[in-house]
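> Please work out how this folds:
(one chain, ligands or ions: 1)
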Amino acid sequence: MYGGGYIFSEPTKADQAAHVDDPTKLAEFEARIDRGEKIEPHDWMPFEYRKQLIRLIEQHAHSEVMGALPEGTWITRAPGFRRKMILIAKVQDEVGHGQLLYAAAETLGKSREAMINDLLSGKSKYSNVFNYPAKTWADVTVIGFLIDAAAIVNQVANSKGSYGPYCRALERICYEESFHLKQGHDAFIALATGTKAQRDMVQDAINRWYKPIIHFFGPSDKASQHSEKLMKWKVKMASNDDMRNQFLDQYVPKVLELGITFPDPNLKKNADGKWEFSDPDWDEFKRVINGDGPCNAERMAVRKYAEESNRWVRCALMNPMQPATLPYA
Ligand code: COA
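A predicted model of the protein is given here:
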């Protein structure tokens with residue numbers, strides 16, 4: 001249905017249970033990783049490396065596509081023509097990032113159709129932050145400024161990782177995300193330095209987005225299930241806590257200098273350079289990533305509607321006998 005070739009067949013559960021990697025090949029592979037070499041789709045790789053990469057890249061791709069939804073609803077309501085044009089371009093970029101990432105995940109053997117099916121059935125996750133409402137224009141500025149900033153911290157680090165197609169996709173994505181961050185910061189400054197009503201609106205947005213942003217980097221290192229393996233194989237280039245810390249280091253001062261505060265009296269940087277914060281309610285995080293956040297049902301309904309109502313376009317493109325897909329000349 002989606003086209004796009006794929007090289008390997010997706011392993012069944014039985015294949016997975018029975019699989020043992022060749023120890024010589026595994027040692028060679030790990031030596032390559034240690035030397036900082038890139039792994040390419042045709043190279044031998046451990047079963048678990050492939051499986052983890054598919055999981056992570058696929059979730060990342062879904063996040064880009066689902067992330068376009070809260071911002072997309074603001075295109076017609078953005079204040080002024082300039083902000084509307086910028087938002088159209090940003091939303092288009094985000095969907096494009098999804099395309100790049102789905103293509104990178106396909107090189108590992110999972111078809112795009114299978115990935116989309118897993119998103120729609122709830123089997124595959126996407127980022128927690130896109131399951132919260134964008135109630136006001138200030139929410140859109142917080143997404144553009146701080147969520148994009150958080151994404152950049154993660155993606156700049158992981159673009160130096162070991163899997164070639166993912167790293168190259170991340171490099172391209174980061175260039176565009178840097179523009180997104182600049183526009184988000186600009187829109188945030190405009191509100192934070194505006195009228196009292198505008199400042200109140202941006203403060204209210206920060207109050208609601210603070211926890212989801214802390215959650216964005218994933219559970220603490222102690223609770224993270226996949227970090228150890230992913231860091232050993234240089235898929236993740238920093239731990240969840242280190243990335244969260246780097247983000248807080250860079251962006252807390254940028255918010256505070258505008259007179260906006262965070263709704264956490266315990267947020268502070270310690271002498272050892274580590275940020276401390278109140279328990280951000282990890283139960284809420286678990287509920288949201290497992291389908292029970294404030295907007296999960298709504299986001300999924302929109303995605304399913306798009307999938308169904310645009311099916312005819314994909315069918316037409318896949319059918320070489322359809323007149324619309326024949327060359328004109
Ligand atoms: N949103 C949704 N799920 C999340 C999450 C988040 N912010 N953070 C962690 N999780 C999920 C993980 O996917 C994993 O679930 P799974 O086993 O069902 O796949 C579980 O929580 C445990 O987390 P952890 O072991 O720490 O997962 P991880 O090592 O994959 O690290 C990320 C989590 C988000 C840091 C990592 O997946 C990543 O860097 N992803 C690529 C970037 C990305 O997706 N960005 C979001 C959009 S811009």
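
> Could you pick out the residues of the stretch 51-200 of the chain near the ligand for me?
55-56, 59-60, 63, 125, 127-128, 151, 154, 158 (CB under 6 Å from any ligand atom). C-beta: built from backbone N, CA, C; applies to glycine.

> Restricted to strands, list these.
Among those, no member falls in strands (DSSP state E).

> Which of the residues you listed fall within helices?
Secondary structure of those is defined by DSSP state H; positions in helices are 55-56, 59-60, 63, 151, 154, 158.

> ok, so of the residues of the stretch 51-200 of the chain next to the ligand, who is nearest residue 188?
Of all these, the one with the least separation from residue 188 (CB to CB) is residue 151, at 15.7 Å.

> so what's that closest one closest to, chain neighbours aside?
residue 177 (5.9 Å; CB to CB, 6 or more residues apart in numbering).

> if we can go back for a sec, export the residues of the stretch 51-200 of the chain next to the ligand as CSV, with columns for pLDDT.
Listed next are those as CSV, based on pLDDT from 0 to 100:
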residue, pLDDT
55, 97
56, 98
59, 98
60, 98
63, 98
125, 98
127, 98
128, 98
151, 98
154, 98
158, 98
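
> Give me the buried entries from those.
Of all those considered here, the ones buried according to neighbour count by 16 or more other CB atoms under 10 Å are 55-56, 59-60, 63, 125, 127-128, 151, 154, 158.

> re earlier: show me which pair in the ones in helices among the residues of the stretch 51-200 of the chain next to the ligand is furthest apart.
Pairwise distances among these were taken by CB to CB; the largest, 18.0 Å, belongs to 55 and 151.

> Could you measure from the residue nearest to residue 151 over to residue 259?
26 Å (CB to CB, to the nearest Å).

> what do you get for residue 39?
Distance, residue 39 to residue 259, by CB to CB: 47 Å.

> ditto for residue 41
On the measure of CB to CB, residue 41 and residue 259 end up 50 Å apart.

> same thing with residue 309?
Distance check for residue 309 against residue 259: by CB to CB, it reads 45 Å.

> from the chain's centre, how far out does the helix with the most length in the chain sit?
With residue count as the measure and DSSP H as the assignment, the chain has helix 164-192 as its longest helix. On the basis of CA atoms, centre = their mean, to the nearest Å, the separation between the geometric centre of helix 164-192 and that of its chain is 12 Å.

> mind listing what's buried in it?
Counting neighbours by 16+ other CB under 10 Å, the buried set in helix 164-192 is 164-167, 169-170, 173-174, 176-177, 180-181, 183-185, 187-189, 191-192.

> all helices of the stretch 151-300 of the chain, in order?
For the stretch 151-300 of the chain, the helices defined by DSSP state H, counting those that start in this stretch cover 164-192, 196-216, 227-232, 240-256, 282-289, 296-309.

> Same question for the stretch 1-150 of the chain.
Residue ranges of the helices in the stretch 1-150 of the chain, as given by DSSP H, counting those that start in this stretch, are 13-18, 23-34, 47-72, 81-106, 112-121, 137-142, 148-158.

> Let me know which of those is tucked in deepest.
The highest average neighbour count among these, using mean count of other CB atoms under 10 Å, belongs to helix 137-142 at a mean of 24.

> So which elements touch it?
helix 47-72, helix 164-192, helix 196-216 (3 or more CB pairs under 8 Å, 6 or more residues apart in numbering; DSSP states H and E).

> burial measure for residue 303, as a count.
Using other CB atoms under 10 Å, the number of residues around residue 303 comes to 18.

> That one against residue 66, yeah?
Yes - counting by CB atoms under 8 Å, residue 303 does reach residue 66; the two are 6.7 Å apart.

> Can you pull the residues that touch both of the two?
residue 119 (CB atoms under 8 Å, 6 or more residues apart in numbering).

> With neighbour numbers in mind, choose between residue 39 and residue 259.
Each of residue 39 and residue 259 had its neighbours counted (other CB under 10 Å), and the higher figure belongs to residue 39 (24 against 11).

> Name the residues linked to the more buried one by a beta bridge.
When bridges are assigned using DSSP bridges, the partners listed for residue 39 are residue 163.

> In contact with it: list those residues for me.
Shown here is residue 39, whose contacts under the criterion CB under 8 Å, 6+ apart are 29, 32-33, 45, 49, 162-164.
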